[in-house]
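Q: task: produce atomic coordinates for the following.
(one chain, ligands or ions: 1)
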Amino acid sequence: MDNSPSIDRRSALGALGLLGATAFAANQPEPATDMLALGWDQAKGEYVLPPLPYAFDALEPHIDAQTMEIHHTKHHAAYVKGLNTALAKLAEARQAGDASLIQHWTRQAAFHGAGHVNHTLFWLGMSPTGGGQPGGALAAAIDRDFASFDKFAWQFQAAAVAVEGSGWGWLAFEPISRRLLILQGESQQKLLMTGVVPLLGVDVWEHAYYLRYQNRRADYVAAFMKVINWPHVEALFARVAG
Ligand code: MN3
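A: Got it, this is the predicted structure:
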């Protein structure tokens, strides 16, 4: 089952290169189609659910179609709605000069905003032709910062499996040292280090795997390794570290 509108792989790759580069090139205007693929509608001035760059069943058997459909059309869509709502409520608060709910809606913006960005990155970090190992400069950086790809894969999976409750396993670029870090995100936005640029994230909320893997998070994370879109991660890395 396909879900339309879809975007071709090349445009998805180009668009998601922007996610990592945003902090470094925020002054560069980007084409509207790329912004839509990143989940922002410039014409409407609001966040939108970006299309998946592949069909719901494209990652079978590693990630099942039902999980993908619910995850994308229900969970991710809810983060988009929550982010737009939070920002609208903050605009109302400014208009009214009423600070009583500033803390609530600011927290909501961070949670739903992170949820939106995380999932956009998640979808494009996977591919029906994914798996294997990265090449080029990213492979060299992984060897430098984690000793080997196998050591990286071991730590990345262990970190993701060990996330307490709901969260994410992240591979991120740290721009001060210009090195790679593996981080554990809790919820959508907690335990991340300010300034890092996420390159690859695995969603370990139960909604990401429970239908197929039940409580076997480690099996799900191992399956995720088989669908990683390394060319996309390499492109993100090149944008921020190149
Ligand atoms: Mn999720």
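Q: what is the burial count for the residue of the chain found nearest the ion?
A: Ranked by Cβ to the ion, the top residue of the chain for proximity to the ion is residue 203, at 4.2 Å. Quick note: C-beta positions are derived from backbone N, CA and C, even for glycine. By other Cβ atoms under 10 Å, 27 other residues sit near residue 203.
Q: apart from its chain neighbours, what residue comes closest to it?
A: Excluding the flanking residues, the one nearest residue 203 by Cβ to Cβ, 6 or more residues apart in numbering is residue 122, at 5.4 Å.
Q: mean confidence for the strand or helix carrying residue 238?
A: Assessed by DSSP states H and E, residue 238 sits inside helix 230-241. The pLDDT scores in helix 230-241 average 96.
Q: kindly report the same for stretch 146-162.
A: 98.
Q: in which helix or strand does residue 180 reside?
A: strand 179-186.
Q: wait, does that strand contact the ion?
A: No: with Cβ under 5 Å from the ion as the criterion, the ion is not reached by strand 179-186; the gap is at least 11.3 Å.
Q: longest single helix anywhere in this structure?
A: In the chain, with assignment by DSSP state H, the single longest helix is helix 102-124.
Q: run through who's touching that helix.
A: 12-13, 15-16, 19, 38-39, 47, 50, 52-53, 71-72, 75-76, 78-83, 85-87, 89-90, 93, 168, 185, 187-189, 198, 200-203, 229, 232 (Cβ atoms under 8 Å, 6 or more residues apart in numbering).
Q: just the buried residues out of these, in PyMOL syntax.
A: Those of the contacts of helix 102-124 that count as buried under 16 or more other Cβ atoms under 10 Å are selected in PyMOL with:
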select buried, resi 12+13+15+16+19+38+39+47+50+52+53+71+72+75+76+79+80+82+83+86+87+89+90+93+168+185+187+188+189+198+200+201+202+203+229+232
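Q: hmm, residue 208 is touching residue 68, no?
A: No: when contacts are counted by Cβ atoms under 8 Å, residue 208 is not listed as touching residue 68 (9.6 Å).
Q: tell me the pLDDT at the residue nearest to residue 203?
A: On the pLDDT scale, residue 122 gets 98.
Q: any idea how far residue 48 is from the closest residue in space to residue 189 that isn't next to it in sequence?
A: Nearest residue to residue 189, sequence neighbours excluded (Cβ to Cβ, 6+ apart): residue 114, at 3.6 Å. Distance, residue 114 to residue 48, by Cβ to Cβ, to the nearest Å: 17 Å.
Q: which one of these two has more residues nearby?
A: Per other Cβ under 10 Å, whichever of residue 114 and residue 48 has more neighbours is residue 114, with 20 against 16.
Q: show me what contacts residue 189?
A: 110, 111, 113, 114.
Q: re earlier: if you count neighbours, what's buried in the strand holding residue 180?
A: Quick answer for strand 179-186 (16+ other Cβ under 10 Å): 180, 181, 182, 183, 184, 185.
Q: can you pull the residues of this protein lying near the ion?
A: Counting by Cβ under 5 Å from the ion, the residues of the chain close to the ion are 75, 203, 205.
Q: same list (those residues) but as TSV, adding pLDDT, distance to residue 127 and secondary structure.
A: As requested, these are exported to TSV (pLDDT from 0 to 100; distance: Cβ to Cβ, whole Å; DSSP: H, G, I helix; E, B strand; the rest coil):
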residue	pLDDT	distance to residue 127	secondary structure
75	98	20	helix
203	98	16	strand
205	98	21	coil
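Q: of these, which is the nearest to residue 145?
A: Closest to residue 145 out of those is residue 203 (23.1 Å), distances taken as Cβ to Cβ.
Q: wait, the closest one touches residue 160, no?
A: No: Residue 203 sits out of contact with residue 160 when judged by Cβ under 8 Å, with a separation of 9.1 Å.
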